[in-house]
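Asks: What follows is a predicted structure for the sequence shown.
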Amino acid sequence: MKLGPGARSQCANAVSALLSSPLHGCQCKRGMKKEKNCLSIYWSLHQSIIHGLNLVESYPYETVQRDYDYVRLASITADSDVGMTTVNRCLDAAKACNVDDLCQKLRTEYVSACIKPTAKSGLCNRAKCNKALRRFFDRVPADYTHELLFCPCTDTACAERRRQTIVPSCSYESVEKPSCITQMRICKADYVCRSRLAQFQYDCEPSETSASGCKQRNYGACLLAYTGLIGSTITPNYVDNSTSSVAPWCSCSASGSRRKECDDFLAYFTDNICLWNALVAFGSESDQQPTLSQSSTPSPGHSSRENKSSTSQPETIETMGSILDTIIPTQAMGNELLVGQSTLPSNSPPNSVSPPSGKLQAAFSLLSLLLHLLTNGL
């Protein structure tokens, strides 16, 4: 349908009204009760850019202040570590999760969902596995999830247990790696995945002039945005058990004319100084941003765009058994771990949505008009 001569003016008026409405500059909360609905509004506004006017922030989620307490996490397992000469942060993280009711409950749920074969195919239910993974990383405090996923390792056995944290055999692995272009297309068609990717690209944007290597200068936000991708079609993970390199399970080998776009996407994981520095800083237990001369540079193995796992099948099976042992402890182990109650803050209840005010309803009406005008052309 061809619009009349006054369509451009009507569209401009609708935009002006939206600028003074509660929708202007709106953002969403990760894991909120109606996250997908909120994000659908966000992206509708994001597409309503006229003459360079952007109605929303450049990233979809509200800023989360980093407030992790690793000292209290370590104290949870201190009594069981008396007499030990070395510290295994990965093991301590598993013990700390078992002590916390929410962490243990949701971790047990996702491992069970990811290893249980379906009656029809005998394979795991990937959709159910990924849903449980998203629930775990969205609802469990980052004090626990980050220690489980980013704990430092000095040997391949530890590195393999860390790689198996998100049960890759079910959550994303396949016989052949799919095209990254295809995976990106699927991701961008889903409001949540599209938003998590946009947030990751914002919070982990590299910078050659920043001492931290991050444009936003916030390692905690970068790692939080990284975990937000887990359970999606572009789930990232450690590529093997001999390095700390991370990447999604996809390839650019058949990307054709879109090879540069594909390479740029992968480079955000494999050759990203911001993400790499965030991982290194976490592993060294340092919350301080390095000076420009101290800024770490990715190792040659980390900057490779195509990586293949070197994990053997027997080691993977043995590792999964170890993971199950730490998640579902025996009675004796349970008594040893319960040395005290966790003092970390519990997860807050899901956000409730209040009924829209008259002003907000008017804003929605204006948004509908604006989208109609944009869809049919000015």
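Replies: That came through fine. In this text the structure is predicted, and so the values were computed from the model without any measurement. Numbering: from 1, shown residues only.

Asks: okay, now the closest residue to S179 other than its chain neighbours: neighbour count?
Replies: For S179, ignoring the flanking residues on the chain, the nearest one in space by Cβ to Cβ, 6 or more residues apart in numbering is A254 at 5.5 Å. Where C-beta positions appear, they are placed from N, C-alpha and C, glycine not excepted. A254 is flanked by 14 other residues according to other Cβ atoms under 10 Å.

Asks: Which of the three states applies to A254?
Replies: Under DSSP: H, G, I helix; E, B strand; the rest coil, A254 falls in the coil class.

Asks: how much space between it and V111?
Replies: Counting by Cβ to Cβ, to the nearest Å, the gap from A254 to V111 is 33 Å.

Asks: correct me, but D92 touches E147?
Replies: Yes. Contact criterion Cβ atoms under 8 Å: D92 and E147 qualify, at 7.4 Å.

Asks: who's in contact with the helix or strand harbouring R194?
Replies: For R194, the element it lies in under DSSP states H and E is helix 191-203. For helix 191-203, contacts defined as Cβ atoms under 8 Å, 6 or more residues apart in numbering pick out 28, 30, 35-36, 39-40, 42-43, 58-61, 184, 186-188, 214, 216, 218, 221-222, 224-226, 228-229, 232-234, 268.

Asks: repeat that for 6 Å
Replies: 36, 39-40, 59-61, 187-188, 216, 221-222, 225, 228-229, 232 (Cβ atoms under 6 Å, 6 or more residues apart in numbering).

Asks: Name the nearest of those residues relative to V239.
Replies: L229 (14.9 Å; Cβ to Cβ).

Asks: Is the closest one within a helix or a strand, and which one?
Replies: For L229, there is no host helix or strand (DSSP H and E).

Asks: Output the below-cut-off pLDDT ranges for the stretch 151-300 of the chain.
Replies: Scanning the stretch 151-300 of the chain with the threshold set as pLDDT under 70 gives 285-300.

Asks: those helices in it, which residues are they?
Replies: Taking DSSP state H, counting those that start in this stretch as the criterion, the stretch 151-300 of the chain carries its helices at 156-163, 168-171, 180-188, 191-203, 219-227, 259-270, 273-283.

Asks: Nearest to L106, out of those helices?
Replies: Nearest of the helices of the stretch 151-300 of the chain (Cβ to Cβ): helix 219-227, 13.3 Å.

Asks: What helices and strands are in contact with that closest one?
Replies: Secondary-structure packing of helix 219-227 (3 or more Cβ pairs under 6 Å, 6 or more residues apart in numbering; DSSP states H and E): helix 191-203, helix 273-283.

Asks: could you dump it to PDB, C-alpha only?
Replies: Extracted in PDB, the C-alpha atoms of helix 219-227 (Å, rounded to 0.1, in the frame of the first residue of the first chain):
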ATOM      1  CA  TYR A 219      36.400  -7.500  32.600                       C
ATOM      2  CA  GLY A 220      33.500  -8.700  34.800                       C
ATOM      3  CA  ALA A 221      30.900  -7.400  32.300                       C
ATOM      4  CA  CYS A 222      32.800  -9.100  29.400                       C
ATOM      5  CA  LEU A 223      32.800 -12.500  31.200                       C
ATOM      6  CA  LEU A 224      29.200 -12.100  32.100                       C
ATOM      7  CA  ALA A 225      28.200 -11.300  28.500                       C
ATOM      8  CA  TYR A 226      30.300 -14.400  27.400                       C
ATOM      9  CA  THR A 227      28.300 -16.700  29.700                       C
END
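
Asks: if we look at stretch 178-188, which residues are touching it?
Replies: The set of residues external to stretch 178-188 that reach it, using Cβ under 6 Å, 6+ apart, is C193, R194, L197, T233, I234, C250, C252, A254, S255, R258, C262, F265.
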